[in-house]
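Asks: After the sequence you'll find the predicted model.
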Amino acid sequence: MATTSTTTPATDVHIFQLSPNPIRFDPVSQITKVFFDDVNQQVFAVRSGGATGVVVKGPEPSKTVDFRMQDKGDVMSIKFSPDIKVLAIQRCQKSVEFINFKETLDTIEYSQSCKGKSTKIIGFTWTFVNEIVFVTDHGIELYQVSIEKRALRLVKTYSLQVHWFAYQPTTSLLLLSSGVLGNLLHPFHLKPGVASRLPKFEVDLPHIPKPPRLCLLERDVTLAVLYGDATILVLRHQARSSGAEIVVYTMHKEAPPKKTHILRLDTSGRFATNVVDNLVIVHHQSSKTSMLFDVRLPGESDGFVHYHRPIVPPSPIRPFKYRVPVVPNCAETVNCELYSPNWVVFQPNIIIDAKMGHLWYVKISLQPLVLHFSDKCLLVDFLLQRSNSRQVLLQVCREALSRDGELSLKQIATIFDKINAMSQFSGVPSDPSDMYSRVFSVFEEAGEDRFQFVVSVVVEYIRSLVENRLEVPHYLNEMIINVLVRNRRFYQLHQFLQYHILADSKPLACTLLSLHSLYPPASQLALDMLKRLGSTEEEIVEVLLSQGKVLSAIRFVQNSGNVDAMSARKYLDVAKNQCEPAVFYAVYRFFEHRNTQIRGQPGFVKGEHCEQYVKHFESLYGQQDKSGNA
């Protein structure tokens, strides 16, 4: 069928997108049945009951499985164990067949029937590599599978009337529906060898039919994980005037699930739900649009339940096109029917069109969402919760500091605090190096009329880093110093250092030393800083010499009173490499004077290895006598 697919450019305004390279499989037909396993996220295309082939595809294209099996009747359900070592096939309501699998199917099948003569298997699901649970109309049966013995062992059973079930593999939560109306829900938490029964609860129904009948259907219930919490999403079809809503129940270990959120859809019709990056997407078939909800954003509250509306207006999924071969070496582009009646939605973010033979992953583009947030602080809250928001978040920060989008300093400080508070956790969207290179670089275009704003913003960012116990990179301090010096605000620089707004550090001291020609007091500020840092005399001298400040280094040693221990060679070498004869002359004469005080003559002893510097001095100023006179 389809050979390649295309979507509209990524720069468009569509929030919702289908994955550009869907998983393709044989479409459903008279001879082909299609099944989906939501535990392994695999789609099965079974041709002629398996006799002419079974093709299994999943998220990883390299792990496609292709095999044949005997046609023993219509397949009702088919699933691999999580390690792809056992294939389970349901062909009737009384039993499930098993076949060991190692690259190819084993030739021997083994079977397990459910308990009870009148019991019927509604469905089954693998819970662990060697455990499977049968859900029957009379309860659940948990089995362990032995590959070697080709047999199953009953581990646990629970008896209750069951209409339908749902399973969430991430949380290992199994949900059973019972009661006349189907609204009495029984959650179970499955662990290896254990099925723990959690407190049951009753779902409120908007109206109860007379006579009573099954009202809450499997299609109206979604098991999801929102911000790490196991949740149950229940679609309530209200009166047409008020529209439908989704009730979010949050699971608790020792108490029944609690109604925590209500998502107001404000329309009626057929809906389907996906969850992407902790955001709830509700697809509405008749309007061909999707709605987006975030339970972390503030909403109305009655003190018990939070009420939410879509964070952006309902909008359609981005158009999807695919190429279909018409004749050999020729194909035409066809528009995919979005929100098709053939679509079936699976969790967390899967849409399958079995008639078309496509499986897509639903994705969210964050960039188009930015324009819908007038409150930039709220926008940052939203972006910080997203897993792929790094680039968009940096862009929002950059625009907030630009001339056109400039926010108040208080708002900017709040944004910095939110970002840096999140930096203490893994997966942080940004860090100081990002902010420096991608955000504060906007200040390179700022004129002198904004220099005070520039300084204030960077100081706020440093404050926020410190309050969140994060390291302040030296280049941020350097940026402030450069801005102040460039605008000749030396008094302000002095205040920042005096009151420790700029924290002491060796890199900062080196930066101050480099400013000596523009602001001479900077050298003394640097030396004072090095002393406060507990630097040894030798370390301070090395810093000065590395900056080429040989005369400053000599003065520092003179003040400390350790002139006798000075290595003349070290200082003369720096002075010579500066290629400034006057500096070399001053250093040379200093050591001659030092030698005279120590030994009574100006010359250098052999162990000081200063012969090359004596020759250099003589080449500049001529030979001198033993008294030191040239």
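Replies: Everything's here; your move.

Asks: Please enumerate the strands of the stretch 301-450 of the chain.
Replies: 306-308, 320-327, 330-335, 343-346, 350-353, 358-364 (DSSP state E, counting those that start in this stretch).

Asks: Out of those, which gets nearest to Leu465?
Replies: Closest of these to Leu465 is strand 358-364, at 30.3 Å (criterion: C-beta to C-beta). From N, CA and C alone the C-beta is placed, and that goes for glycine too.

Asks: what packs against that closest one?
Replies: strand 16-18, strand 23-24, strand 271-276, strand 279-284, strand 350-353 (3 or more C-beta pairs under 8 Å, 6 or more residues apart in numbering; DSSP states H and E).

Asks: Dump these to CSV, plus distance to Tyr499, mean pLDDT and mean neighbour count.
Replies: Listed next are the helices and strands packed on strand 358-364 as CSV, based on distance: least, C-beta to C-beta, whole Å; pLDDT from 0 to 100; neighbours: other C-beta atoms under 10 Å:
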stretch, distance to Tyr499, mean pLDDT, mean neighbour count
strand 16-18, 51, 95, 21
strand 23-24, 62, 94, 19
strand 271-276, 48, 97, 20
strand 279-284, 45, 98, 22
strand 350-353, 58, 96, 21
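
Asks: With distance to Ser177 as added columns, please give those strands in TSV.
Replies: Below are the helices and strands packed on strand 358-364 laid out as TSV (distance: least, C-beta to C-beta, whole Å):
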stretch	distance to Ser177
strand 16-18	30
strand 23-24	30
strand 271-276	17
strand 279-284	21
strand 350-353	22
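
Asks: Which one of the ones you listed lies nearest to Asn559?
Replies: Closest approach to Asn559 among the helices and strands packed on strand 358-364 (C-beta to C-beta): strand 279-284, 64.7 Å.

Asks: how about the helices and strands packed on strand 358-364, which one is nearest Met479?
Replies: Taking the helices and strands packed on strand 358-364 one by one with C-beta to C-beta, strand 279-284 is closest: 36.3 Å.

Asks: just the angle between the closest one and strand 358-364, please?
Replies: 120 degrees (axes from the mean of the first three to the mean of the last three C-alpha atoms, to 10 degrees).

Asks: okay, the angle between strand 279-284 and strand 271-276?
Replies: Using the same axes, to 10 degrees: strand 279-284 against strand 271-276 is 160 degrees.

Asks: With distance to Arg488 added, can I get the strands of the stretch 301-450 of the chain in JSON lines?
Replies: Putting those into JSON lines (distance: least, C-beta to C-beta, whole Å) gives the following:
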{"stretch": "strand 306-308", "distance to Arg488": "53"}
{"stretch": "strand 320-327", "distance to Arg488": "59"}
{"stretch": "strand 330-335", "distance to Arg488": "63"}
{"stretch": "strand 343-346", "distance to Arg488": "64"}
{"stretch": "strand 350-353", "distance to Arg488": "62"}
{"stretch": "strand 358-364", "distance to Arg488": "49"}
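
Asks: Only alpha carbons, please: show the lengthiest helix in the chain as CSV.
Replies: If you go by DSSP state H, the chain has its longest helix at helix 581-599. Provided in CSV are the C-alpha atoms of helix 581-599 (Å, rounded to 0.1, in the frame of the first residue of the first chain):
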residue,chain,number,x,y,z
PRO,A,581,63.3,47.1,28.1
ALA,A,582,62.2,49.6,30.8
VAL,A,583,60.4,46.8,32.7
PHE,A,584,63.3,44.4,32.3
TYR,A,585,65.7,47.2,33.5
ALA,A,586,63.6,47.8,36.6
VAL,A,587,63.4,44.2,37.5
TYR,A,588,67.1,43.5,36.9
ARG,A,589,68.1,46.5,39.0
PHE,A,590,65.8,45.4,41.8
PHE,A,591,67.5,42.0,42.1
GLU,A,592,71.0,43.6,41.9
HIS,A,593,70.0,45.8,44.9
ARG,A,594,68.6,42.7,46.6
ASN,A,595,71.8,40.8,46.0
THR,A,596,73.9,43.6,47.4
GLN,A,597,71.9,43.6,50.6
ILE,A,598,72.2,39.9,51.0
ARG,A,599,75.8,39.2,49.8
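
Asks: In terms of secondary structure, what does that helix contact?
Replies: helix 550-560, helix 568-577, helix 611-621.

Asks: For Ile481, find the nearest of the strands of the stretch 301-450 of the chain.
Replies: strand 358-364 (42.0 Å).

Asks: what lines up beside the closest one in the sheet?
Replies: strand 16-18 (antiparallel), strand 23-24 (antiparallel), strand 350-353 (antiparallel) (DSSP bridges).
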